[in-house]
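Engineer: Next comes the sequence, and after it the predicted model I'd like to discuss.
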Amino acid sequence: MKEYEVVVGLECHVQLLTQSKLFSPAVNRYGDEPNTNVDAVDIALPGVLPVLNQKAVDFAIRLGLALGCEIHSTSVFARKHYFYPDLPKGYQISQYDQPICGHGKLSFQTSEGLKTIGIERIHIEEDAGKNIHVEGGNSSFVDYNRAGTPLLEVVTMPDLRSAEEAMEAYRALRALVTYLEICDGNLQEGSMRADANVSVRQIGAEKLGTRTETKNLNSIKFLGQAIEFESRRQVLELEAGRAINQETRLWDSNRKESRPLRSKEEAHDYRYFPDPDLLPLTLKDGQVEKIKQNLPELPLQKLKRYQEKLGLNAYDAGVLTVEKNIADYFEAALALHTNAKAIANWIINEMQLNIAISAAQLAELVKLIDDRVISGTIAKTVYDELLKNPGSRPSDIVEAKGLKMQRDTGALQKLVESVCTQYPAEVEKYKAGKQQVFGFLVGQIMKLTQGKADPVEATNLLKQYLGS
């Protein structure tokens, strides 16, 4: 593998959050009974005509602007012909040589820093239905609820050089579409799917190798696994003296391997031509500028602000900005208490990104620590109580259970003397210069008070006693 370079390009399908389908008034909703959200247009009954969904066009412009794409004032819908049961018309309405968005860029974080790749195009198209194959049966079923659902296909340049880069690029695109609120990013429901075009070439070679396309990867993990498998498979084929076949492959997540599905089609195989039922799409004057003015703060912009304005490190800022709901939760808590680092620490490390309490509860909990009403150790006890009693306030739990920090100097002084008497060997080690023993002694004081001792006060009293 060290003698070869992996070359990857992605074709990402983004399902849009419109209320109706791309060319029909049928409801665009996941999870309903099969074949209940189907209009005559979706299954191409004779005499019906498609009507373009304006919201889908606005969403396409929104994503194009976020990726710095050229927005074409005129684009054309075409018919892409293929014959599968999930496509009742025998063709898919898509965009071919005149898409709505041209070249752009996608930036994302990797283990080696920020990387930017090219976007070749973004085009609008309709989705197909869903084939359902019964394991062990001799028949298949088709659910047309998804037929006609509006999609944006985001095609990257072949600029990715590893499975890790492809995964991070896909993760960044998912974050982008959720921040823009054009897609819910639910990978399990197929709201986003990726096709990975993979080829390999010897290090230093300029000509691209023959590529294969692995279809419908609906998880970031599977995307990475598929690219790793396919690049290794191609290297083994070349090393054995065999040619790579240009083909479409299907990923088997159980066996963690891909298998050939069919030979890869070229553009002419689809017999593209402009759809005679749809006029060219011409954008209105000022339409792009109006959408541009209403773009939200995007993930990389937010990440930069968290570091520069809030003082978070790159890792914490990156974790908080990947998921829009996490970033929203963080900012809601921050609006109530301004200790950004402490709130970030609780969300990432203590809560493990599991939003189980309200932002107001978290803000109050962190404020109780900052005001030295409770210790960090006791805060974890309060958090556990909040999980059991979601409607409670942290301060009420502290009062009800008597969890306030102990600040009685006299009582703490006696505990300090008691601990030092109980552990004379550790005291002698500290006097001999072993500073790490100090933490052990403080820990014993906290243990005796069940974490209620004011750690600052206990530390000061212990230092005074050991120095006397």
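Structural biologist: Sure thing, it's come through.
Engineer: What separation do you get for residue 372 and residue 379?
Structural biologist: 11 Å (CB to CB, to the nearest Å). For the C-beta atoms, the positions are set from N, CA and C on the backbone; glycine is no exception.
Engineer: of the two, who's got more company?
Structural biologist: Neighbour count, other CB atoms under 10 Å: between residue 372 and residue 379, residue 379 has more, with 21 against 14.
Engineer: my guess is the more buried one meets residue 365, correct?
Structural biologist: Yes: between residue 379 and residue 365 there is a contact under CB atoms under 8 Å: 5.8 Å.
Engineer: For the two, list the residues in contact with both.
Structural biologist: Between them, residue 379 and residue 365 share no contacting residue under CB atoms under 8 Å, 6 or more residues apart in numbering.
Engineer: a strand runs through residue 7, doesn't it?
Structural biologist: Yes: assigned with DSSP: H, G, I helix; E, B strand; the rest coil, residue 7 falls within a strand.
Engineer: Give me the buried positions along stretch 176-195.
Structural biologist: Of the residues in stretch 176-195, 176-180, 182-185, 187, 190-195 count as buried by neighbour count, 16 or more other CB atoms under 10 Å.
Engineer: Quick one: end-to-end distance for that stretch.
Structural biologist: Terminal residues of stretch 176-195 lie 18 Å apart, using CA to CA, to the nearest Å.
Engineer: Let the chain start at 59 from now.
Structural biologist: In the new numbering, first residue 59, that becomes stretch 234-253.
Engineer: which outside residues touch it?
Structural biologist: Here stretch 234-253 makes contact (CB under 8 Å, 6+ apart) with 68-75, 88-89, 117, 120-121, 124-125, 164, 204, 210, 228, 231-233, 271-278, 281, 353-357, 381-382.
Engineer: try stretch 392-409
Structural biologist: Residues outside stretch 392-409 that contact it (CB under 8 Å, 6+ apart) are 364, 368-370, 374, 377-378, 384, 387-388, 391, 411, 415, 417-418, 420-425, 427-428, 438, 441.
Engineer: what about it, start to end distance?
Structural biologist: Separation of the first and last residues of stretch 392-409 by CA to CA is 16 Å.
Engineer: List the buried residues of that stretch.
Structural biologist: 392, 395, 397-398, 400-406, 409.
Engineer: between the residues you listed, which is nearest residue 464?
Structural biologist: For the buried residues of stretch 392-409, the residue nearest residue 464 by CB to CB is residue 400; the value is 21.8 Å.
Engineer: where's that closest one relative to residue 497, distance?
Structural biologist: Taking CB to CB as the measure, residue 400 and residue 497 are separated by 21 Å.
Engineer: cool, and residue 65?
Structural biologist: On the measure of CB to CB, residue 65 and residue 497 end up 52 Å apart.
Engineer: Residue 351 now?
Structural biologist: 55 Å.
Engineer: more crowded one of those two?
Structural biologist: The neighbour comparison of residue 351 against residue 497 (other CB under 10 Å) goes to residue 497, with 10 against 7.
Engineer: pretty sure that one is in a helix, no?
Structural biologist: Yes: under three-state DSSP, residue 497 falls within a helix.
Engineer: That one and residue 520, how far apart?
Structural biologist: Residue 497 is 10 Å from residue 520, by CB to CB.
Engineer: quick one on the thing from earlier: show me the contacts of stretch 234-253 that map onto strands.
Structural biologist: Among these, the residues falling in strands (DSSP state E) are 68-73, 164, 210, 271-275.
Engineer: Next up, the contacts around residue 310.
Structural biologist: 316-317.
Engineer: One more: the one 5 residues further on?
Structural biologist: Applying CB under 8 Å, 6+ apart to residue 315 gives the contacts 287, 309.
Engineer: mind redoing it with 10 Å?
Structural biologist: Contacts for residue 315 were tallied using CB atoms under 10 Å, 6 or more residues apart in numbering; they are 283-284, 287-288, 291, 307-309.
Engineer: next one: residue 464
Structural biologist: Counting by CB under 10 Å, 6+ apart, residue 464 has contacts 433, 470, 473, 507-512, 515-516.
Engineer: my hunch is that residue 349 is in a helix, does that hold up?
Structural biologist: Yes: looking at residue 349 with three-state DSSP, it is inside a helix.
Engineer: nearest residue to it other than its sequence neighbours?
Structural biologist: residue 119 (5.0 Å; CB to CB, 6 or more residues apart in numbering).
Engineer: Residue 395 belongs to a helix, doesn't it?
Structural biologist: No: secondary structure of residue 395 (three-state DSSP): coil, not part of a helix.
Engineer: can you tell me how far it sits from residue 429?
Structural biologist: Counting by CB to CB, the gap from residue 395 to residue 429 is 10 Å.
Engineer: what's residue 316 sitting at in phi/psi?
Structural biologist: For residue 316, the backbone dihedrals are phi -100, psi 160 (criterion: degrees, to the nearest 10).
Engineer: partner residues bridging the nearest residue to it once chain neighbours are set aside?
Structural biologist: Nearest residue to residue 316 in three dimensions, chain neighbours excluded: residue 307, at 4.2 Å (CB to CB, 6+ apart). Here residue 307 sits in beta bridges with residue 272, residue 318, going by DSSP bridges.
Engineer: quick one: contacts for residue 307?
Structural biologist: Residues near residue 307 by CB under 10 Å, 6+ apart: 253-254, 256, 270-273, 284, 287-288, 291, 315-320, 322.
Engineer: ditto for residue 377
Structural biologist: Contact analysis of residue 377 by CB under 10 Å, 6+ apart lists 361, 370, 384-385, 388, 402, 405-407, 411.
Engineer: switch the cut-off to 8 Å
Structural biologist: Residues 384, 406, 411 are the ones in contact with residue 377 under the rule CB under 8 Å, 6+ apart.
Engineer: How about residue 386?
Structural biologist: Counting by CB under 8 Å, 6+ apart, residue 386 has no contacts.
Engineer: so when I look at it, I'm seeing a helix, right?
Structural biologist: Yes: membership of residue 386 in a helix is supported by three-state DSSP.
Engineer: quick one on the thing from earlier: buried subset of the contacts of residue 307?
Structural biologist: 253-254, 256, 270-273, 284, 287-288, 291, 316, 322.
Engineer: circling back to that earlier point, just give me the closest of the buried residues of stretch 234-253 to residue 297.
Structural biologist: Nearest to residue 297 out of the buried residues of stretch 234-253 is residue 253 (CB to CB; 26.0 Å).
Engineer: Kindly give the local confidence score, pLDDT, for the residue lying closest to that closest one once chain neighbours are set aside.
Structural biologist: Spatially, and ignoring its direct neighbours in sequence, residue 253 is nearest to residue 69 (4.2 Å; CB to CB, 6+ apart). Residue 69 is assigned a predicted lDDT (pLDDT) of 97.
Engineer: what residues are up against residue 69?
Structural biologist: Contact analysis of residue 69 by CB under 8 Å, 6+ apart lists 211-214, 252-253, 255, 271.
Engineer: Which of those residues fall in strands?
Structural biologist: Using DSSP E, these in strands are 211-214, 252-253, 255, 271.
Engineer: Flag the shaky bits of the stretch 359-508 of the chain, pLDDT-wise.
Structural biologist: Within the stretch 359-508 of the chain, the stretches with pLDDT under 70 are 466.
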